[in-house]
Each structure stands twice: as structure tokens, then as C-alpha cells.
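coords please:
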Amino acid sequence: MKILKEPRYIESLKRDGDLYIALPDDYDDQQSYPVIYFHDGHNLFYKQDSYAGEIWDVVSALKTKGLPKAIIVALSCAMRGNQRLEEYNIFDTRFPSHPTWVAHGRGMDYLQYLLFDLKKEIDQRFATFKGPEHTYMIGSSMGGVISLEAGLLYPDVIGNVAGLSNAFYASTDEILKLIHQKPLKLKKLYLDTGDKEAGLEIAEIYTKSNQAVKEAILKKKSKTKFEFKVIPGGQHNESAWRSRLPKILKFLMIE
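Numbers count the residues shown, from 1 in each chain. From the prediction side, this is the model:
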């Protein structure tokens with residue numbers, strides 16, 4: 001794939017970021033492509049850009065047999081203080097092990113930029129399928145939280161969502177209420193958690209909150225094709241997410 005890396009200042013978020021756009025090697029503006037929006041774009045392509053020196057290696061994942069050619073769009077996360085936690089949740093983010101630590105949710109500002117301002121730019125610059133059935137969002141940890149929230153709030157913009165190692169513990173009650181209030185109109189939804197997660201909290205908290213979200217979604221009796229997995233030995237890092245990505249893409253884009 002041809003990868004474009006574009007530094008930019010995002011006025012609505014009051015921060016700098018890097019925008020990564022990956023195009024098929026034989027990109028042809030006379031045909032249209034589905035678009036996959038990722039969070040934490042700095043962790044996708046280049047080890048020198050990544051937070052911990054590991055990447056999702058999206059380029060290799062998209063070579064999985066049977067996958068359609070697609071355009072990847074990913075913005076790097078906010079790096080200062082609690083900004084990443086604030087942008088990746090529409091609710092205030094709380095931590096069971098640190099009850100006095102709160103990151104105030106600015107996810108609506110982030111989604112406004114990503115799904116409207118940036119998507120409009122991408123659809124103008126490149127040959128894309130613009131409808132929700134051909135638009136995807138994938139994220140991990142807090143990126144999984146904002147991905148599910150996006151799918152619940154804007155199913156007319158984004159039709160397929162995957163969240164890996166979701167940090168739903170950050171605002172479980174509010175997320176469950178949102179699921180109860182909003183119709184589930186996604187085409188496909190994938191959620192998972194590892195049983196050996198160790199992010200900002202311990203594995204048991206990840207498992208408990210993810211199971212609660214799963215049960216709430218199943219109660220919706222939606223037509224959305226939904227898959228939920230607890231990953232044996234699954235840990236909280238890019239290496240773990242890289243290993244799962246090819247099958248997740250197949251579920252979202254083929255099966």
C-alpha cells in the first residue's frame with residue numbers, strides 16, 4: 001500500500017496530529033473503495049512512530065485472502081496528559097483502581113471531526129464508497145469504547161464497528177444506558193476482550209465490563225450481525241491486536 005503521512009493542526013480539537021492514509025498500490029480514482037477508520041494511527045504502520053515500538057501492521061492484514069481493497073484513514077491520538085482518554089469517550093472516564101482520577105469526556109468533539117469534517121475531506125480527495133455499509137471503524141482499549149459509541153450514535157455514517165480489548169470499565173453504566181436508549185442499526189459489530197488484559201486496570205475488570213456490554217447488546221434483538229469473543233491468553237498490546245486483525249477484517253468485510 002502507499003502510505004501518506006500528513007501533519008496537521010486540528011482546530012476543533014486544539015491540538016496537532018498526524019493523519020495517516022493508506023491507499024492500495026493500484027489505487028484507481030475511476031473505481032470506489034470502502035474506507036476503514038482507525039484510532040491511534042501512530043500505532044498502525046511505522047514502529048518508529050508507535051507508542052511502544054509495536055504496530056498493528058495493517059498493511060499485512062489487508063493482504064488476507066479474500067479481503068476487498070480498501071482505503072485506511074487513521075489520526076494519531078492526543079498525546080498530552082489525559083487528552084487521549086478524553087477524546088476516546090463521550091462520557092467522563094473513571095478508573096476503579098484510581099477513584100479520584102477523572103478524564104472529562106470530549107468524544108463528541110472528536111467524533112464530529114472524524115466522522116464529519118475528516119470524512120468529508122477523505123470523500124472529496126479519494127474515490128470512496130460513501131455510505132455506512134462501506135464505512136468501518138476499528139479501535140482498541142479506549143479506541144474500542146469510542147468506536148462502539150460512534151456506531152450507536154451515527155449508524156447513518158458508519159455501518160461496521162470493531163472494538164478490541166475494550167476499556168468499557170471507564171464508564172460502564174453510561175455505556176449500558178446508551179445501548180439501552182439507542183437502536184442498534186449497524187450492519188456488523190465485533191467486540192472482544194482478552195482474559196489476560198493488563199492495561200490501566202486488571203483483566204477481571206475488562207472481562208466483567210465487556211460481558212455486561214455483550215449482554216446489553218444481545219437484549220436489543222437487533223438485525224446487526226454481532227460477534228463477541230473472550231480471547232484466551234489475550235493481552236493488552238499492539239502485538240495481540242495485530243494477531244487478531246486479519247480474522248476481524250474478514251468478519252467485517254466478507255463473512
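
Can you give me the pLDDT of the residue nearest to residue 31 when sequence neighbours are not counted?
Of all residues not flanking residue 31 in the chain, residue 127 sits nearest, at 6.2 Å (Cβ to Cβ, 6 or more residues apart in numbering). Bear in mind the C-beta positions are built from the backbone N, C-alpha and C, glycine included. Looking at residue 127, its pLDDT is 98.

quick check: mean pLDDT across stretch 65-72?
97.

in that stretch, what counts as buried?
For stretch 65-72, the neighbour count (16 or more other Cβ atoms under 10 Å) marks 67, 70-72 as buried.

Equivalent analysis for stretch 230-240, please.
For stretch 230-240, by 16+ other Cβ under 10 Å, it's 231, 234-238, 240.

Farthest-apart pair in those, please.
231 and 238 (14.4 Å; Cβ to Cβ).

mind checking the end-to-end distance for stretch 114-129?
Distance across stretch 114-129, first residue to last, is 16 Å (Cα to Cα, to the nearest Å).

What lies in contact with it?
With Cβ atoms under 8 Å, 6 or more residues apart in numbering as the test, stretch 114-129 has contacts from 12, 19, 21, 23, 27-35, 37, 71, 73, 75, 130, 134-135, 150, 154, 157-158.

Can you turn the buried part of those into a PyMOL selection?
Applied in PyMOL, the following selects the buried portion of those according to 16+ other Cβ under 10 Å:
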select buried, resi 19+21+23+33+34+35+37+71+73+75+134+135+150+154+157+158
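
Let's see which of the contacts of stretch 114-129 end up in helices.
residue 150 (DSSP state H).

Filter the contacts of stretch 114-129 down to just the ones in strands.
Residues of the contacts of stretch 114-129 located in strands (DSSP state E): 19, 21, 23, 35, 37, 71, 73, 75, 135.

Across the sheet, point out what pairs with the residue nearest the centre of the chain.
Taking Cα atoms, centre = their mean, the centroid of the chain lies closest to residue 139, which sits 2.3 Å from it. Beta bridges link residue 139 to residue 163, judged by DSSP bridges.
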